[in-house]
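Student: Predicted coordinates and the sequence they were generated for:
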Amino acid sequence: MRRIHFLHLICVLGLAAGATKADDPPATPRAVVVPKPSPDEIEQSIHDLNAPEFSRRETATRNLIAAGADAAEFLVKAVPTSSLEATCRITTILRAWYTSGKDELIEPAEVAFEQLVESKNRHMANRAAAVLDQYATTIRQDRAIAQIKQLGGTIEVSTAMGRLRVAGPDETRSYLVILGRSWRGGEEGLKFLRRVSSLTQLYLLQDQATGKIVTPGVTQDSIDELQRALPTLAVDYRGSAFLGVKTLPNVPICRIDDVPADTPADRAKLMAGDIVIGFDNKPVNSFQDLVKFIGTKQPGDVIKLELLRGADNDEMIFLGQLKGQPESDASKDYLDKLRERIGMKIDVTLGEWGAKPKP
């Protein structure tokens, strides 16, 4: 009988102890810290990319992929003396970083590829160029656009129907970048503009009196260098004030073609098709006139625009023919009749070039 009681007591105590352990919170697993390879280890792995044994070359490739950005500079320096297979493996390593989805790996890989495009090792240069071209409109361009926005730049997208080499219509995009007073990237940030393959136009702030670029941290020398890298890039300069209208090229009159949403022009109810003929009681004969007048103003200034709204094609053609011609009584009478019939004046509060839109 005593033995039965004793065994029962042991069972009860065992259950109690088990319950106590079950109530305890589970132990937090320790994070496994993988030590970074030393410079000597990285250099040894790079040396092993040329090893005669296949297994050593494979191990070195895996080790260098795992080493990450610490190995980038060593890989670039090793290229001039690397064998053909080693350059293939260096490309594989950099591509693995570039397509990893990790910013801490993508940027050093991209910088390395950009450096290797200029390499005297033509095998490596061709491979680097091929990778950048492969991802030109995806990883490369998407990241660059995100970086430009993060650094305070403004990007607008324009689309046009075009045709690719394959059959059928497709939509082609081009990008316009505005670097205003909110730009925080300086000259270093201009590298991201080089990575936007579809960049066609760049707007910078300029002191209209001196002609000096006033976009923060940007110099004329840096823009000259950018244009050498992007020969088809059109660079335009503006004062700090911003209206926000677009016109078609080679139109002899100041006819508005587009009014983007949430711009000063949009808020003032300007419309596509409006013809601007006056700015604060000064005649406007072309879009260049409008740009020049806006350049004399500051953000927040209120201007008065004189418009013709609803002119037909014949009237627009006649207005275009008047440009550059001496003013005659007949032309003045014609314009006065248009003012009387379809003219209007609108006050517009100018915004700031490159400023972030208000939420």
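Tutor: Right, received. Where do you want to start?
Student: low-confidence ranges in this protein?
Tutor: In the prediction, the chain carries residues with pLDDT under 70 at positions 1-34, 158-172, 324-326, 356-359.
Student: how much space is there between the one residue sitting closest to the centre of it and Ser197?
Tutor: Relative to the mean C-alpha position of the chain, the nearest C-alpha, by Cα atoms, centre = their mean, is the one of Ile145, at 2.3 Å. Distance, Ile145 to Ser197, by Cβ to Cβ, to the nearest Å: 11 Å. Every residue, glycine included, has its C-beta placed from N, CA and C.
Student: what does Ala125 give?
Tutor: In this structure, Ala125 and Ser197 are 19 Å apart, going by Cβ to Cβ.
Student: As a check, name the ranges of all helices in the stretch 101-250 of the chain.
Tutor: With helices called from DSSP state H, counting those that start in this stretch, the stretch 101-250 of the chain shows them at 103-116, 122-134, 141-150, 191-194, 220-229.
Student: is it possible to export the ones you listed to TSV including distance to Glu306?
Tutor: As requested, the helices of the stretch 101-250 of the chain are exported to TSV (distance: least, Cβ to Cβ, whole Å):
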stretch	distance to Glu306
helix 103-116	50
helix 122-134	50
helix 141-150	36
helix 191-194	37
helix 220-229	35
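Student: Which one of those lies nearest to Ala78?
Tutor: Ala78 lies closest, by Cβ to Cβ, to one member of the helices of the stretch 101-250 of the chain: helix 122-134, at 10.0 Å.
Student: what's the offset of the closest one from the middle of its chain?
Tutor: Relative to its chain's centre, helix 122-134 lies at 22 Å (Cα atoms, centre = their mean, to the nearest Å).
Student: Same question for stretch 333-344.
Tutor: Stretch 333-344 sits 44 Å away from the centroid of its parent chain (Cα atoms, centre = their mean).
Student: who wins for proximity to Asn285 among the helices of the stretch 101-250 of the chain?
Tutor: Distances from Asn285 to each of the helices of the stretch 101-250 of the chain were compared using Cβ to Cβ; the minimum, 29.5 Å, belongs to helix 220-229.
Student: C-alpha coordinates for the host helix or strand of Thr59, CSV please?
Tutor: Secondary-structure assignment from DSSP states H and E places Thr59 in helix 54-67. Output of helix 54-67 as CSV, limited to C-alpha atoms (Å, rounded to 0.1, in the frame of the first residue of the first chain):
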residue,chain,number,x,y,z
PHE,A,54,36.6,22.5,-61.2
SER,A,55,35.5,21.9,-57.6
ARG,A,56,37.8,24.8,-56.4
ARG,A,57,36.4,27.1,-59.1
GLU,A,58,32.9,26.3,-58.1
THR,A,59,33.6,26.7,-54.4
ALA,A,60,35.3,30.1,-55.0
THR,A,61,32.3,31.3,-57.0
ARG,A,62,29.8,30.3,-54.2
ASN,A,63,32.1,31.9,-51.6
LEU,A,64,32.3,35.2,-53.5
ILE,A,65,28.6,35.4,-54.1
ALA,A,66,28.1,34.9,-50.3
ALA,A,67,30.8,37.5,-49.6
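Student: what's next to it, contact-wise?
Tutor: With contacts defined as Cβ atoms under 8 Å, 6 or more residues apart in numbering, helix 54-67 is touched by 34, 36-37, 41-42, 45-51, 71, 75, 85, 89, 92-93, 96-97.
Student: Pull out the buried members of those residues.
Tutor: Restricting the contacts of helix 54-67 to buried positions leaves 37, 41-42, 45-46, 48-50, 71, 75, 89, 93, 96-97, with burial counted as 16 or more other Cβ atoms under 10 Å.
Student: picking up where we left off before, which one of the helices of the stretch 101-250 of the chain lies nearest to Tyr175?
Tutor: Distances from Tyr175 to each of those were compared by Cβ to Cβ, and the smallest falls on helix 141-150, at 7.4 Å.
Student: Could you list the buried residues of the closest one?
Tutor: Along helix 141-150, these residues count as buried under the neighbour rule (16+ other Cβ under 10 Å): Gln141, Arg143, Ala144, Ile145, Gln147, Ile148.
Student: In contact with the last one, which residues are there?
Tutor: Residues in contact with Ile148 (Cβ under 8 Å, 6+ apart) are Ile155, Val177, Gly185, Gly189, Phe192, Leu193, Val196.
Student: Could I have the ChimeraX command that selects the buried members from the residues you listed?
Tutor: Provided next is the ChimeraX selection string for whichever of the contacts of Ile148 are buried by 16+ other Cβ under 10 Å:
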select :177,185,189,192,193,196
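Student: any idea which of the contacts of Ile148 is closest to Glu107?
Tutor: Phe192 (10.5 Å).
Student: ok, that closest one to Ile145 distance?
Tutor: Distance, Phe192 to Ile145, by Cβ to Cβ: 8 Å.
Student: again with Arg57
Tutor: For Arg57, the distance to Ile145 - Cβ to Cβ - is 38 Å.
Student: and what of Glu43?
Tutor: Applying Cβ to Cβ, one obtains 36 Å for the distance of Glu43 from Ile145.
Student: what do you get for Gln201?
Tutor: In this structure, Gln201 and Ile145 are 15 Å apart, going by Cβ to Cβ.
Student: my guess is Asp266 meets Asp258, correct?
Tutor: No - using Cβ atoms under 8 Å, Asp266 is not in contact with Asp258, being 10.1 Å away.
Student: State the phi and psi torsions of the closest residue to Lys120 other than its chain neighbours.
Tutor: With Cβ to Cβ, 6 or more residues apart in numbering as the criterion, Lys120 has its nearest non-adjacent residue at 6.5 Å, and that residue is Pro80. Backbone dihedrals for Pro80, given as degrees, to the nearest 10, come out at phi -60, psi -30.
Student: Lovely, talk soon.
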